[in-house]
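Asks: sequence unknown, structure follows:
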């Protein structure tokens, strides 16, 4: 995609790269991408490797978006609110005030349904685009119950039961994809997609309810968050959105990012630019309530100038 801008128009590049391994319990996170080479080829300052310092200092290295979501929400007067991002993995930013943020990964976004579609179509298709299959299917409730135990493996199997007020994160490698595909083997493409899309919505809803749906901490100190903003490519699947909307009470406003004047399509790119600007100014990008880092001052990234 061409932006129409010249190199001289750009002051700074935030370059995340592609995460290929993320295990904060091992103090390791790996992103593909050469920031030094990008800087050399363009002669523009580059900020990259956003997660490593956070992980090295006791954090999860994710999610990194809450500080950006806070800036967006403050600009629109939306706080308190929740921003629910749905990509390969889903995560939530709980923005109680400028001084109080919580964040964590809730479970699968599109990663399981994408794998299911790839498997069933022999690699010809990579996603349930526009919910075309899931919208024609039915949810298998019995398999939903199995997915709570099947969808993650190893040390992550108890992830859904971990307290939501403690920062926690997932890697797509944490998902037991083959076990999930095996459990759905007897289902049609349509029913399998609908069941996995329902599971994504249920895990998001459970995480939200665990955190803000009735705990004395959030009710008495912060108040009830009744505005939820949906961001990320996963919400282009209307089935996941409909499944979530069907589960929330009427007093909760569920809005797409575009409805509040944010760029749903380019938010990830904007995020990297914002984080890069913060790092260059010496400001933290991870916090005890978001990534779980011990000291916000110890977060940051690598800069090539």
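Replies: Nice, I can see it. Remember, it's a predicted structure, so these values are computed and weren't measured experimentally.
Asks: For the chain, name the helix or strand with the lowest mean pLDDT.
Replies: Taking mean pLDDT, DSSP states H and E as the measure, the helix or strand of the chain with the lowest value is helix 216-217, at a mean of 33.
Asks: what's the next secondary structure element after that one?
Replies: Per DSSP states H and E, helix 216-217 leads on to strand 227-231 as the next helix or strand towards the C-terminus.
Asks: Now do the buried residues in that following strand.
Replies: Neighbour counts over strand 227-231 (16 or more other Cβ atoms under 10 Å) mark 227, 228, 229, 230, 231 as buried. Glycine gets a C-beta too; all of them are placed from N, C-alpha and C.
Asks: just stretch 113-128 next, same as before
Replies: By neighbour count, with 16+ other Cβ under 10 Å as the criterion, the buried positions of stretch 113-128 are 113, 114, 115, 116, 117, 118, 119, 120, 127, 128.
Asks: Out of those residues, which is nearest to residue 183?
Replies: Using Cβ to Cβ, residue 116 is the member of the buried residues of stretch 113-128 that lies nearest residue 183, at 10.4 Å.
Asks: list the contacts for that closest one?
Replies: Residue 116 makes contact with 180, 181, 184, 192, 193, 196 under the criterion Cβ atoms under 8 Å, 6 or more residues apart in numbering.
Asks: So for the fifth one, what's the pLDDT?
Replies: Looking back up the chat, that one is residue 193. Each residue has a pLDDT score; the one for residue 193 is 98.
Asks: Count residues in the vicinity of it, would you?
Replies: For residue 193, the count of nearby residues is 29 (other Cβ atoms under 10 Å).
Asks: Show the backbone phi and psi for it.
Replies: Per-residue torsions, residue 193: phi -60, psi -50 (degrees, to the nearest 10).
Asks: Pull the number of nearby residues for residue 5.
Replies: 8.
Asks: Now it: which helix or strand?
Replies: Residue 5 belongs to no helix or strand, assigned by DSSP H and E.
Asks: With residue 63 instead?
Replies: For residue 63, there is no enclosing helix or strand under DSSP H and E.
Asks: From here on, call the first residue 51.
Replies: I'll keep to 51 as the first residue from here, and by that count the last item is residue 113.
Asks: Identify the residues contacting it.
Replies: When contacts are counted by Cβ under 8 Å, 6+ apart, residue 113 touches 135, 141, 143, 153, 154, 155, 219, 340, 341.
Asks: Residue 255 touches residue 294, doesn't it?
Replies: Yes: with the criterion set as Cβ atoms under 8 Å, residue 255 and residue 294 qualify as a contacting pair; they are 6.2 Å apart.
Asks: Dump the buried residues of strand 277-281 to a markdown table, plus pLDDT and distance to residue 108.
Replies: Conversion of the buried residues of strand 277-281 to a markdown table gives the following (pLDDT from 0 to 100; distance: Cβ to Cβ, whole Å):
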| residue | pLDDT | distance to residue 108 |
| --- | --- | --- |
| 277 | 91 | 31 |
| 278 | 93 | 29 |
| 279 | 96 | 29 |
| 280 | 96 | 30 |
| 281 | 94 | 27 |
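Asks: okay if I get those residues as CSV plus distance to residue 305?
Replies: Formatted as CSV, the entries for those read as follows, by distance: Cβ to Cβ, whole Å:
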residue, distance to residue 305
277, 7
278, 7
279, 5
280, 7
281, 10
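Asks: just these now: which is nearest residue 120?
Replies: Proximity of the buried residues of strand 277-281 to residue 120 (Cβ to Cβ) peaks at residue 279, which lies at 12.0 Å.
Asks: how close does the residue lying closest to that closest one once chain neighbours are set aside get to residue 151?
Replies: Among residues not flanking residue 279 along the chain, residue 133 sits closest, at 4.9 Å (Cβ to Cβ, 6 or more residues apart in numbering). Using Cβ to Cβ, to the nearest Å, one gets 10 Å for the distance from residue 133 to residue 151.
Asks: what do you get for residue 54?
Replies: The separation that residue 54 has from residue 151, given Cβ to Cβ, amounts to 35 Å.
Asks: ok, those two, which is more surrounded?
Replies: Using other Cβ under 10 Å as the criterion, residue 54 and residue 151 rank with residue 151 on top: 19 against 5.
Asks: That one: what secondary structure?
Replies: When states are read from DSSP: H, G, I helix; E, B strand; the rest coil, the local structure at residue 151 comes out as strand.
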